[in-house]
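K.L.:
just a sequence and a predicted model for now, questions to come.
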Amino acid sequence: MADAITFKNVTKTYGDATVLNNLTFGINEGQITTILGFSGAGKSTLMKHILGLTHPTSGKITSLGIDMETLDELGLREFRRNFGMVFQYAALFDFLTAFENVAFPLREFTKMKESEIKAKVTELMQAVELVPESWQRLPSELSGGMRKRVGLARALSLEPRIMLYDEPTSGLDPISTQVVSDLIVSTAKQNAQRKLTSLVISHDVRASLRISDHIMFLEKGQIVEYSTVEGFRNSKNPVIRRFLEL
Amino acid sequence: MTFVRTYVEGIGASILGLLAGLGRFSQFMGKVFFWGAHPPVRIKLLMDQLYFIGNKSLFIVGLTSLFSGAVFALQMYLGIKAINMDSIVGPVVAISLAKELAPVFAGLVVAGRCGSAMAAQIGSMKVTEQLDALEVMGINPHQYLAVPRVVGATLSMPLLCGIFMLIGNFGSWLVGVHVLGIDEVMYFQKLSDFMRLGHVAEGLIKAAAFGFLIGMIGTYHGFEVRGGAEGVGKGTNLAVVWGMVTVLVSDYFISSFLAKIL
């Protein structure tokens, strides 16, 4: 199976602090990979590197076969359209309704007619199981779970090749956590034909075990464990054991 | 001795902080210019800003200008009545409005009303990751948020300034002729004798420059917001304070420059 993203000896330092320490790994195309770790482990920095929002101090990152360092500012922006991202707090545009938030990327980047945009947004809203009554509400009028679903619909609107989820279940009640987790899995399945790669950043171990194909555990910028869910569950590493028992 | 050292260190830190801030502001301006020169041109966003900065400021600019013209005419009349020069109230007020009062007062109004709104809108978008969402979509936040606001403020300010001049002169005429009893024919005769198109041009050019600076400062402080709601409040406050101070300080330098070329 090909890698959608590869890191080769990637190190990131801020002054004396090493945030990512000589990371080498690949993220399988078409699968769900979760990066777990305690706060400050380097998970968010890793995601910023994948998006080209920050650059490694040393090492090489290849995404969808392209060396990120070869892209200039304009090239990077173009390249980022291959990604869809669901933010921790959804990051919906507060001046737009739920419907308009999902329509936003379509209006910005496609030449679709208004009727086509309406049909596409309707399809996406139904895919993330949002009731029509909520479509015209502003983000401030939606619950946390609903906001995450709108965020997911928005991220999917341009049919990205890689989906990034930043703490997708953070701050949600158990039922909403299950709904969002199931949506991540169903989104991956629905887009399996075009090999949608999903990368989830989380510290929710239970949800991660339920949704992932692979799990990577980061601590102090280093990979402690990177294996299948089964391998992770049976890991003898004391740090992993402690994390699993939390 | 320790007190002196702490005091000197404090001054040094303030100067370094100011220089660092100027450096960041210069970088920010560079980004706005860079992205402003790149497609796409977002006409709808620009129209929204023209509406917000221009149209929505009309009432407050109109009210301010009416009473500024009226009170300036009154004070001028009281000052020069003793030497029997009350007929020049009209041109004195008109020239003052055109060259100074209209661009500066309109600038202060826009800095207070729109500079703060720019910083608050962008700042709150920043703390809720909305700017990151734009970045991830491949949309440059400077291009999407700063460019329309800066261009909108630069284009709106001369229009507001022109309206300020008109309504201010109306206030001056109302008080001068109808309240203080200055002869109306003399009022307009002197006005046409002394008033030049260059005076109006100077005011409009200044207003455009103030609009540009207010837009830059307002958006810059939005992008610089750190933390949560407190950071947004601080950024908004800085946008208003620095916007107003910059209007007043730059007024001298722009006036000196325009005096040489106009």
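P.N.:
All right, it came through fine.

K.L.:
name the next helix or strand downstream of the lengthiest helix in chain A, please.
P.N.:
Taking DSSP state H as the criterion, chain A has its longest helix at helix A:174-190. Moving toward the C-terminus from helix A:174-190, the first helix or strand encountered (DSSP states H and E) is strand A:197-202.

K.L.:
so that next one versus helix A:174-190, what angle?
P.N.:
For strand A:197-202 and helix A:174-190, the angle between their directions (axes from the mean of the first three to the mean of the last three C-alpha atoms, to 10 degrees) works out to 160 degrees.

K.L.:
what's the very next helix or strand once past strand A:197-202 packed up against?
P.N.:
Heading C-terminal from strand A:197-202, the first helix or strand you meet, by DSSP H and E, is helix A:205-211. In this structure, helix A:205-211 makes packing contacts with strand A:32-37, helix A:174-190, strand A:197-202, helix A:229-233, judged by 3 or more C-beta pairs under 8 Å, 6 or more residues apart in numbering or on different chains; DSSP states H and E. Using the backbone N, CA and C atoms, a C-beta is placed for each residue, glycine as well.

K.L.:
what lies in contact with the next helix or strand after helix A:205-211?
P.N.:
The helix or strand immediately downstream of helix A:205-211 is strand A:214-219, counting by DSSP H and E. Contacts of strand A:214-219 from elsewhere in the structure, counted by C-beta atoms under 8 Å, 6 or more residues apart in numbering or on different chains, are A:25, A:27-28, A:31-38, A:41-43, A:46, A:208-209, A:223-229, A:232, A:237, A:239-240, A:243.

K.L.:
and those, which are buried?
P.N.:
Using 16 or more other C-beta atoms under 10 Å in any protein chain shown as the burial test, the contacts of strand A:214-219 include A:25, A:27-28, A:31-37, A:41-43, A:46, A:208-209, A:223-226, A:229, A:232, A:240, A:243 as buried.

K.L.:
picking that back up, the longest helix of chain A: which residues count as buried?
P.N.:
Taking 16+ other C-beta under 10 Å as the neighbour-count basis, helix A:174-190 is seen to contain the buried residues A:176-181, A:183-184, A:187-188.

K.L.:
repeat for stretch A:188-206
P.N.:
Of the residues in stretch A:188-206, those buried by neighbour count under the rule 16+ other C-beta under 10 Å are A:188, A:191, A:195-205.

K.L.:
looking at those, which gets the smallest pLDDT?
P.N.:
Across those, the member with the lowest pLDDT is A:His203, scoring 86.

K.L.:
show me what contacts that residue?
P.N.:
If a contact means C-beta under 8 Å, 6+ apart, then A:His203 has A:36-39, A:167, A:170 as its contacts.

K.L.:
swap the cut-off to 7 Å and go again
P.N.:
With C-beta atoms under 7 Å, 6 or more residues apart in numbering or on different chains as the criterion, the residues that contact A:His203 are A:36-38.

K.L.:
give me the pLDDT for B:Val245.
P.N.:
Here the pLDDT value assigned to B:Val245 is 97.

K.L.:
next up, phi/psi of the residue nearest the centre of chain A, please.
P.N.:
The centroid of chain A falls nearest to A:Leu164 when counting by C-alpha atoms, centre = their mean (1.4 Å). Here the main-chain torsion angles of A:Leu164 (degrees, to the nearest 10) amount to phi -110, psi 130.

K.L.:
surely it meets A:Leu46?
P.N.:
No: with contact defined as C-beta atoms under 7 Å, A:Leu164 does not count as touching A:Leu46 (10.5 Å).

K.L.:
what is the rounded mean pLDDT of stretch A:46-57?
P.N.:
Along stretch A:46-57, the predicted confidence averages to a pLDDT of 92.

K.L.:
that stretch: which residues count as buried?
P.N.:
By neighbour count, with 16+ other C-beta under 10 Å as the criterion, the buried positions of stretch A:46-57 are A:46-52, A:56.

K.L.:
can you tell me the distance between the two ends of that stretch?
P.N.:
Stretch A:46-57 stretches 12 Å from its first residue to its last (C-alpha to C-alpha, to the nearest Å).

K.L.:
give me the contact list for that stretch.
P.N.:
Stretch A:46-57 is contacted from outside by A:5, A:10-13, A:20, A:35, A:61, A:63, A:68, A:71, A:76, A:79-80, A:83, A:164, A:166, A:201, B:135-136, using C-beta under 7 Å, 6+ apart.

K.L.:
going through those, which ones are buried?
P.N.:
Neighbour-count burial within these applies to A:5, A:10, A:12, A:20, A:35, A:61, A:63, A:68, A:71, A:79-80, A:83, A:164, A:166, A:201, B:135-136; the criterion is 16+ other C-beta under 10 Å.

K.L.:
okay, and which of those map to strands?
P.N.:
Restricting the buried ones among the contacts of stretch A:46-57 to those inside strands, with DSSP state E as the criterion, leaves A:5, A:10, A:12, A:20, A:35, A:61, A:63, A:83, A:164, A:166, A:201.

K.L.:
show me what the first one is bridged to.
P.N.:
Okay, so that is A:Ile5. Going by DSSP bridges, A:Ile5 is paired in beta bridges with A:Ile27, A:Ser63.

K.L.:
among the contacts of A:His203, find the lowest-pLDDT one for me.
P.N.:
Minimum pLDDT for the contacts of A:His203 is recorded at A:Phe38 (86).
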